[in-house]
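Got a predicted structure here, sequence first:
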Amino acid sequence: MVDELVEVTENRLWAGLYYLLELRAPAIAAEAQPGQFVHIRVPGCADALLRRPFSIYRVQGETVSVLYKVVGKGTAALARVRAGERLEVLGPLGHGFSLPRAGEEEPLLVAGGYGVAALYLLAERSPCRGILFEGGRTRGDVLCEEEFRALGWEVRVTTEDGSHGWRGLVTEPLREELARRARGRKLYACGPTGMLRAVARLAEEFGVAAEVSLDEPMCCGVGVCLTCVVPVRTAEGWEYQRACTEGPVFDARRVLWEVPA
């Protein structure tokens, strides 16, 4: 983990409300693993006192990239940052994805909205190619489709309104694929909690392993504030663990999607 004052090399509109932020952060880039995140202090916003967590999308040499969506005052302020400015960045943080075992596990990636950003580095570094199932509410929420295809991945897109790809939920074509063949496959997912819960249930139903990246509020990013705790199974029963340190990636079989009474 490194706390760096890094240079912004690019911060541009990607599509709709989505932006691509590129940072020259050599120390972070050297350590970054798929599924990890960075914590960025947003300048010029009195309401953004705490750092904001963003999944690491891509690592190229000394450059670390993140994809983000403008959803509030903090990300709106971040969108105003220009190339040449410097940001305080802490990272890489968290427990990321494990790479699939070559010849033993065919990866099936499942992404909801900009959750796809957390899966690109995994797809790039995976020893074998598989299928990306990507879902969004509309066509504008489908990101990085061609980037994954350029890596040699098959991409199957689903939108809730039918504006691009299949109409429906992303877990529907995933179910069809697992029904066709589940043996020798492993699921990796990042997206809304409801989608992750559905992926975990499919993994249990078809007897396949799954890793899920949980989207929880991470105020400190280093396990101190305990705002991001999630209930997980243990040998003794269950306990709360921190998404920012023990996660954000967990074995789906360990996650308790509802707190036991």
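Looks like it came in fine.

all helices of this protein, in order?
For the chain, the helices defined by DSSP state H cover 26-31, 73-79, 120-125, 145-150, 171-180, 193-206.

Can you tell me which of those helices has the worst average pLDDT?
Least confident of the helices of the chain, judged by mean pLDDT, is helix 73-79 with a mean of 91.

helices or strands next to that one in the packing?
The helices and strands touching helix 73-79, judged by 3 or more Cβ pairs under 8 Å, 6 or more residues apart in numbering; DSSP states H and E, are strand 2-15, strand 18-24, strand 52-55, strand 63-69. C-beta coordinates here come from the backbone N, C-alpha and C atoms, glycine included.

quick one on the thing from earlier: do you know which of the helices of the chain lies nearest residue 213?
For these, the distance to residue 213 is smallest for helix 193-206, at 7.9 Å, taking Cβ to Cβ.

could you dump that closest one to PDB, C-alpha only?
Output of helix 193-206 as PDB, limited to C-alpha atoms (Å, rounded to 0.1, in the frame of the first residue of the first chain):
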ATOM      1  CA  THR A 193     -25.800  -6.200  -4.500                       C
ATOM      2  CA  GLY A 194     -29.000  -7.800  -5.900                       C
ATOM      3  CA  MET A 195     -27.100  -9.100  -8.900                       C
ATOM      4  CA  LEU A 196     -24.300 -10.500  -6.700                       C
ATOM      5  CA  ARG A 197     -26.800 -12.300  -4.500                       C
ATOM      6  CA  ALA A 198     -28.400 -13.800  -7.700                       C
ATOM      7  CA  VAL A 199     -24.900 -14.900  -9.000                       C
ATOM      8  CA  ALA A 200     -24.200 -16.500  -5.600                       C
ATOM      9  CA  ARG A 201     -27.400 -18.400  -5.700                       C
ATOM     10  CA  LEU A 202     -26.700 -19.700  -9.300                       C
ATOM     11  CA  ALA A 203     -23.200 -20.700  -8.200                       C
ATOM     12  CA  GLU A 204     -24.700 -22.800  -5.400                       C
ATOM     13  CA  GLU A 205     -27.400 -24.200  -7.600                       C
ATOM     14  CA  PHE A 206     -25.000 -25.400 -10.300                       C
END
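
neighbouring contacts of it?
110, 112, 115, 135, 169-171, 174-175, 178-179, 182, 187, 189-190, 209-210, 212-215, 252-253, 255, 257 (Cβ atoms under 8 Å, 6 or more residues apart in numbering).
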